[in-house]
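Engineer: here you go, sequence then predicted model.
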Amino acid sequence: MSDHASHPPRQPPPLPRIPARDPRGHKGTFGTVLVVGGCCRGDARMIGAPALSAHAALRAGAGLVQLAMPAPIIQAGISLCPSTTGVALRTHDDGSLIAHEAAAQLDEALARATAVAVGMGLGDAPDAAPVVLRLIQHEDAPVVIDADALNVLSQVPDLWRDFRAPCVLTPHPGEFIRLASVLRIAHDPTDAASRPLAAEALAQRLGAIVVLKGAGTVVSTGHETWVCERGHACLATAGTGDVLAGVIASLAAQHAGTPSSPRMTVPRLSLFDIARLGVQAHALAGEMWASRHDSPSGLLAMELADLIPEAIESLRHS
């Protein structure tokens with residue numbers, strides 16, 4: 001398959017407004033996000049990344065968030081984001097996931113989820129692969145694939161055959177390069193001129209929405225491509241990508257609409273528009289922080305997440 005589209009990408013329409021929130025709604029009205037991540041293999045502990053995504057999902061308006069993490073660290077994850085509920089994924093004594101039992105637990109959680117975010121702090125050891133593959137085959141809710149889940153997928157031969165879920169991939173350039181290698185995509189994700197072509201090629205190959213992160217984040221369906229013109233250098237710090245994954249998953253849970261969300265009372269948005277709005281809200285929140293602190297550095301990811309409600313409100317009225 002060629003790295004180039006058979007036709008030039010269409011120019012996307014302007015960003016839509018984020019729909020007004022239903023004043024008569026309740027937490028069940030505004031979607032349930034399932035966040036899957038974290039690891040505790042051997043001496044490794046990665047707890048903060050999924051908790052940041054869960055916190056951002058709540059800040060972006062999700063009614064409910066479930067945090068699925070390995071059992072030995074689930075309590076620590078919930079303590080960082082106490083508004084979540086937890087799914088304690090079963091593990092072996094060394095902390096690695098018991099794949100078939102974790103898959104069964106995720107199936108139960110997926111029945112309640114209207115969107116999923118996976119990969120934050122998950123690690124790319126072999127026990128992570130069955131979890132990621134199970135989620136990209138889930139057809140009933142949008143799935144945001146981030147961080148280590150992308151690295152897991154880069155190790156899967158014939159990767160494109162496994163995608164069934166409506167997916168948003170959120171690679172930074174390093175993650176993109178690993179995926180592009182297995183898919184034989186040659187475009188440079190670090191070169192400003194070729195970043196749109198890179199995102200388009202990956203989106204076409206996998207039939208997914210691609211959010212290629214970095215200065216001038218690119219969002220592409222493979223046929224429509226949009227480049228974010230907002231943002232700030234302060235966003236170049238640990239954890240901000242985890243926040244973005246949570247924001248996109250939250251907006252998808254509220255506004256994408258799935259067979260499992262029949263009570264949806266707000267207008268539905270395309271997954272492409274949801275990804276664009278999530279990127280824009282994330283960028284605006286970074287600008288807000290930099291303006292208020294008069295600094296290009298020092299932003300903490302949790303501070304960024306706490307500015308997301310204000311950024312989203314501005315997108316309701318822009």
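Structural biologist: Right, received. Where do you want to start?
Engineer: so what's the residue most central in space within the chain closest to, chain neighbours aside?
Structural biologist: The centre of the chain sits closest to residue 245, judged by Cα atoms, centre = their mean, with a distance of 2.8 Å. Spatial nearest neighbour of residue 245, chain neighbours left out: residue 146 (4.0 Å); criterion: Cβ to Cβ, 6 or more residues apart in numbering. From N, CA and C alone the C-beta is placed, and that goes for glycine too.
Engineer: correct me, but the one you found touches residue 241?
Structural biologist: Yes: the pair formed by residue 146 and residue 241 meets the contact definition of Cβ atoms under 8 Å, at 6.6 Å.
Engineer: more neighbours: the two, which one.
Structural biologist: Between residue 146 and residue 241, counting by other Cβ atoms under 10 Å, residue 146 is the more crowded of the two (30 against 25).
Engineer: quick check: the more buried one vs residue 306, distance?
Structural biologist: For residue 146, the distance to residue 306 equals 20 Å [Cβ to Cβ, to the nearest Å].
Engineer: can you check residue 128 too?
Structural biologist: Distance, residue 128 to residue 306, by Cβ to Cβ: 29 Å.
Engineer: okay, those two: which has more neighbours?
Structural biologist: Per other Cβ under 10 Å, whichever of residue 128 and residue 306 has more neighbours is residue 128, with 26 against 16.
Engineer: mind listing what the more buried one touches?
Structural biologist: Counting by Cβ atoms under 8 Å, 6 or more residues apart in numbering, residue 128 touches 39, 97, 122, 148, 149, 152.
Engineer: now for those residues, which sits with the most neighbours around it?
Structural biologist: residue 149 (30 neighbours).
Engineer: and it, what's its pLDDT?
Structural biologist: Residue 149 is assigned 97 on the pLDDT scale.
Engineer: specify the local secondary structure of it.
Structural biologist: Following DSSP: H, G, I helix; E, B strand; the rest coil, the label given to residue 149 is helix.
Engineer: go ahead and confirm it touches residue 119.
Structural biologist: Yes: assessed by Cβ under 8 Å, residue 149 is found in contact with residue 119 at 2.8 Å.
Engineer: and for the two, which residues touch both?
Structural biologist: Here residue 149 and residue 119 have residue 132 as joint contacts, going by Cβ under 8 Å, 6+ apart.
Engineer: so who does the residue nearest to the centre of the chain touch?
Structural biologist: With Cβ under 8 Å, 6+ apart, residue 245 has these contacts: 53, 56, 117, 119, 120, 144, 146, 147, 170.
Engineer: who touches the helix or strand where the second one lies?
Structural biologist: Same thing as residue 56. If you go by DSSP states H and E, residue 56 is part of helix 48-59. Contacting residues not belonging to helix 48-59 are listed as 33, 35-38, 65, 67, 69, 77, 80-81, 83-84, 117, 120-121, 146-147, 239, 242-247, 249-250, 253, 301-302, 304-306, 308-309 [Cβ under 8 Å, 6+ apart].
Engineer: give me the mean pLDDT for whichever helix or strand comes after it.
Structural biologist: On the C-terminal side of helix 48-59, the nearest following helix or strand under DSSP H and E is strand 64-70. On average, the pLDDT along strand 64-70 is 98.
Engineer: do stretch 281-296 as well
Structural biologist: Stretch 281-296 comes out at a mean pLDDT of 97.
Engineer: report the distance from that stretch to the chain centre.
Structural biologist: Chain-centre distance of stretch 281-296: 21 Å, with Cα atoms, centre = their mean, to the nearest Å.
Engineer: next: stretch 20-32.
Structural biologist: Put simply, stretch 20-32 sits 21 Å off its chain's centre (Cα atoms, centre = their mean).
Engineer: and the helix ranked longest in the chain, which residues are buried?
Structural biologist: If you go by DSSP state H, the chain has its longest helix at helix 271-293. By 16 or more other Cβ atoms under 10 Å, the buried positions in helix 271-293 come out as 271-290.
Engineer: now do stretch 106-124
Structural biologist: Using 16+ other Cβ under 10 Å as the test for burial, stretch 106-124 gives 106, 109-110, 113-124.
Engineer: follow-up on the earlier one: which among the contacts of helix 48-59 end up buried?
Structural biologist: Buried residues within the contacts of helix 48-59, counting neighbours by 16+ other Cβ under 10 Å: 33, 35-38, 65, 67, 69, 77, 80-81, 84, 117, 120-121, 146-147, 239, 242-247, 249-250, 253, 301-302, 304-306, 308.
Engineer: and these, which of them are in helices?
Structural biologist: 77, 80, 242-247, 249-250, 253, 301-302, 304-306, 308.
Engineer: looking at this, residue 314 is in a helix?
Structural biologist: Yes: when three-state DSSP is applied, residue 314 is found to be in a helix.
Engineer: now do the same contact list for it.
Structural biologist: residue 284.
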